[in-house]
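Colleague: give me a 3D structure for the following:
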Amino acid sequence: MRSLAAVLSSVFMVAANAAAAETRVFIIANQADGYGVDQCLASGEKCGASAARSYCQSRDFAQASSYHRVDADEITGSVPKTGAHCTHGNCDQYVAITCQR
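Modeller: Below is the predicted model of the structure:
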């Protein structure tokens, strides 16, 4: 009986840890802001770390585990292409930011 209680306790602890370590990937438009933040995020360089962390924290996540440029072809679903609805000419540039709780 004690071993069953120990096994159940272990299962609940593992489930709680999995829920606490939630990870989510956000795909955002990589818009030039004049400060170079877009280039830092897209290249995955250290200079984009604070922008990615701030983005994650604004969505109630603790940290950004990665950030990099993604091609529109890699994104499932409909994304705008450069054309009539694109006003700034960079509609096909996106950044993926992976956030963790």
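
Colleague: just checking, what packs against the host helix or strand of residue 53?
Modeller: Secondary structure assigned from DSSP states H and E places residue 53 in helix 49-57. Taking 3 or more C-beta pairs under 8 Å, 6 or more residues apart in numbering; DSSP states H and E as contact, the helices and strands that helix 49-57 lies on are helix 37-43, strand 63-70, strand 94-100. Glycine gets a C-beta too; all of them are placed from N, C-alpha and C.

Colleague: for those, which one sits closest to residue 25?
Modeller: Comparison of the helices and strands packed on helix 49-57 against residue 25 by C-beta to C-beta identifies strand 94-100 as nearest, at 5.0 Å.

Colleague: run through who's touching the closest one.
Modeller: Residues from elsewhere that reach strand 94-100, judged by C-beta atoms under 8 Å, 6 or more residues apart in numbering: 21-30, 38, 41-42, 52, 55-56, 59, 61-72, 75, 79.

Colleague: buried residues in that strand?
Modeller: Applying a neighbour-count criterion of 16 or more other C-beta atoms under 10 Å, one finds 94, 95, 96, 97, 98, 99 buried in strand 94-100.

Colleague: ok, those vs residue 47, which is closest?
Modeller: The nearest member of those to residue 47, counting by C-beta to C-beta, is residue 95 at 13.3 Å.
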